[in-house]
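structure for this input, please:
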Amino acid sequence: MTTPILEQLEAMGPDALDGALLALDTVSRPLTVREIEAAMLGKGVSRSQRKIISKAIERLHIIAVVGPEHG
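You can find the predicted model right below:
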């Protein structure tokens, strides 16, 4: 049984599939320490805290940082 996404991937030509894989690789790479620190900038986290936190979570291979949500 195929799923809609598998059907779409199978229908893509080789160039389109290569482009899709390149885009996926680009947006799913882990954040660098600097990018993690930048995500916390302006969120009430001091520079020294940002450095400690980012080094501690770097090995988790985070690809996105979101929140806190405001309602």
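
so the residue nearest the centre of the chain, which of the three states?
By C-alpha atoms, centre = their mean, the chain has its centre lying nearest to Ile63, at 2.4 Å. Secondary structure for Ile63, judged by DSSP: H, G, I helix; E, B strand; the rest coil, is coil.

so it makes contact with Asp25?
No. Counting by C-beta atoms under 8 Å, Ile63 does not reach Asp25; the two are 11.1 Å apart. For the C-beta atoms, the positions are set from N, CA and C on the backbone; glycine is no exception.

tell me the domain boundaries of this protein?
1-29, 31-71 (automatic domain parsing).

hey, which of the ones you listed is tucked in deepest?
domain 31-71 (a mean of 12; mean count of other C-beta atoms under 10 Å).

I'd like the mean pLDDT over it, please.
For domain 31-71, mean pLDDT is 86.

next one: that domain to chain centre, how far?
12 Å (C-alpha atoms, centre = their mean, to the nearest Å).

and the longest helix for the chain?
helix 14-27 (DSSP state H).

the helices in this structure, which residues?
In the chain, the helices defined using DSSP H lie at 4-11, 14-27, 33-40, 47-57.

can I assume Leu17 is in contact with Leu9?
Yes. In this structure, Leu17 is within contact of Leu9 by C-beta under 8 Å, at 6.8 Å.

if I pick the spatially closest residue to Ser54 that is not a sequence neighbour, what's in contact with it?
Leaving aside its chain neighbours, Ser54 sits nearest to Ile36 (4.0 Å; criterion: C-beta to C-beta, 6 or more residues apart in numbering). By C-beta atoms under 8 Å, 6 or more residues apart in numbering, Ile36 lies in contact with Arg50, Ile53, Ser54, Ile57, Glu58, Ile62, Val65.
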